[in-house]
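Enquirer: Fold the following for me, if possible:
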Amino acid sequence: MSIAVRFEEVSKEYRPSRARYASVRTELSALLRWLVRRRRPSGGPLERRRALDRLSFEVQAGEAFAIIGPNGAGKTTALKLMARISLPSAGRIRLCGRVGALIEVGAGIHPELTGRENIWLYGRFVGMTRAALAQRFDEIVDFCELAYVLDEPVKTYSTGMQLRLGFAVASHVDPDILVVDEALAVGDAAFQAKCSERMAHLLRLGRTLVLVSHNLSAVEALCARGLLLIEGRARSLGPVHQVVRDYIDWVDAQHHSAARPAGALLRGGGLVLTRLTAHALDGDERYVFRPGEGIEVRLTVQAETAIRSPWFSLGVSDGRPGALIMCSMLERAEAFDLAPGEHQLLCRLPALPLAPRAYELWLSVRDASGAVDILDWSCVGSIRIVDPSPPSGPGALSAPWMYGPVRVPFEWSKG
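Expert: Have a look, this model is predicted:
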């Protein structure tokens with residue numbers, strides 16, 4: 001099998017710059033400041049930031065390849081190098097075929113041009129002939145469903161509309177290699193399903209897909225191999241299921257090794273939260289769980305004075321307003337008097353039927369009346385739910401919230 005993408009000892013460095021794109025007035029002001037600084041002693045060279053560090057890997061033609069890792073690991077930088085948006089500082093990149101890329105919302109789209117003009121511009125930029133582009137034009141417009149604004153400047157489009165236009169163009173210009181970043185996360189559920197089907201269609205045609213996503217279930221469902229990037233370096237490379245497991249282990253280890261801030265996580269009303277940890281029901285401290293698995297949250301608090309019947313409430317949130325799960329002493333009229341000194345409280349959830357993704361842990365404490373906050377409602381930690389058996393149906397690549405945050409066993413049958 002031929003190679004579609006090859007990175008050979010590739011590094012990418014960025015030189016820190018205090019300058020930014022701005023108005024003419026701002027640029028003139030910056031010029032004046034620079035002229036003044038020339039008369040002053042230099043503060044020394046700025047340190048370069050290395051986004052990728054001697055990265056080597058290959059992507060076979062016709063395969064779906066995933067790049068995963070935490071924020072800031074260098075994933076988007078690698079995709080920009082593949083798409084020739086940026087050049088490497090060192091090393092060599094070999095690409096075999098035309099690349100279609102959707103890396104950021106609006107990437108490759110000129111805001112001052114109309115949607116129609118952008119389709120022609122992008123197509124010609126990646127090497128399509130006018131005849132081939134004319135043949136695909138209606139198909140692109142139908143896919144992005146923007147015919148009603150096609151002759152309006154793209155700067156008047158919403159973020160979702162720009163995304164639809166960008167993906168439609170990138171995936172319909174006959175790409176040999178389609179490069180897709182997490183940008184699809186901003187699309188609505190229907191559009192995400194549409195994009196997923198388009199990517200699957202290109203794979204069936206033998207095209208190559210390079211995907212960056214934090215949706216590990218989608219990555220496992222679609223990709224055969226993957227790369228785990230940590231701080232610009234390859235931490236794991238191979239079968240996608242093993243790479244995902246390695247990433248989960250890394251996340252778990254980060255939680256274990258992350259030292260909690262000395263002193264207080266939260267403080268108020270004579271009460272200090274000094275530590276919060278998550279555990280499996282067998283007592284093992286970890287922060288990655290499976291859907292339906294039980295969890296025990298342990299709080300270490302310091303009572304500076306005697307506190308009568310404080311009401312603790314622990315919530316689990318997916319980042320949107322409100323809590324998905326609320327475990328409150330107020331609900332069951334359970335409270336414990338706290339004498340001065342250190343105490344450990346346990347909140348045990350026999351089952352946590354949540355869909356795979358990251359969740360936040362929130363805490364508040366109220367006084368004996370239940371009306372006054374001792375510790376205000378605050379985010380105090382996080383956990384991740386990971387499905388060891390990813391879904392394989394046509395909706396597997398859709399956003400997790402399309403099907404709701406709760407995951408319970410179910411079965412369909414014909415009566």
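
Enquirer: In contact with I177, which residues?
Expert: 4-5, 59, 82, 95-100, 207-210 (CB atoms under 8 Å, 6 or more residues apart in numbering). Heads up, the C-betas are built off the backbone N, CA and C, glycines and all.

Enquirer: Can you tell me which of these is nearest A132?
Expert: The closest of those to A132 turns out to be R98 (CB to CB; 11.1 Å).

Enquirer: where's that closest one relative to D138, distance?
Expert: 21 Å (CB to CB, to the nearest Å).

Enquirer: Those two: which is more packed in?
Expert: R98 (15 against 10; other CB atoms under 10 Å).

Enquirer: Once you drop chain neighbours, what's closest to the more buried one?
Expert: D176 (5.0 Å; CB to CB, 6 or more residues apart in numbering).

Enquirer: looking at it, that neighbour is touching T208, isn't it?
Expert: Yes. With contact defined as CB atoms under 8 Å, D176 and T208 form a contacting pair (6.4 Å).

Enquirer: what's the single longest helix in this protein?
Expert: When the chain is parsed with DSSP state H, its longest helix is helix 240-257.

Enquirer: domains in this structure, as residue ranges please.
Expert: Domain assignment for the chain by automatic domain parsing gives 3-15+45-246, 259-385.

Enquirer: What number of residues are in the vicinity of F410?
Expert: 5.

Enquirer: gap between the nearest residue to I383 once chain neighbours are set aside and G315?
Expert: The shortest distance from I383 to any non-neighbouring residue, by CB to CB, 6+ apart, is to Y287 (5.0 Å). Going from Y287 to G315 by CB to CB gives 17 Å.

Enquirer: re earlier: identify each buried residue in the longest helix of the chain, please.
Expert: V240, H241, V243, V244, R245, D246, Y247, I248, V251, D252, H255 (16 or more other CB atoms under 10 Å).

Enquirer: okay if I get those residues as CSV plus distance to F191 and pLDDT?
Expert: Shown next, in CSV, are those (distance: CB to CB, whole Å; pLDDT from 0 to 100):
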residue, distance to F191, pLDDT
V240, 24, 88
H241, 28, 82
V243, 27, 90
V244, 25, 83
R245, 30, 79
D246, 31, 87
Y247, 27, 86
I248, 29, 78
V251, 29, 76
D252, 33, 68
H255, 34, 62
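
Enquirer: now those as a markdown table including distance to G160?
Expert: Shown next, in a markdown table, are the buried residues of helix 240-257 (distance: CB to CB, whole Å):
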| residue | distance to G160 |
| --- | --- |
| V240 | 29 |
| H241 | 32 |
| V243 | 31 |
| V244 | 29 |
| R245 | 34 |
| D246 | 34 |
| Y247 | 29 |
| I248 | 31 |
| V251 | 30 |
| D252 | 35 |
| H255 | 34 |
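
Enquirer: from these, which single one is nearest G341?
Expert: Ranked by distance to G341 (CB to CB), the buried residues of helix 240-257 are led by H255 at 27.3 Å.
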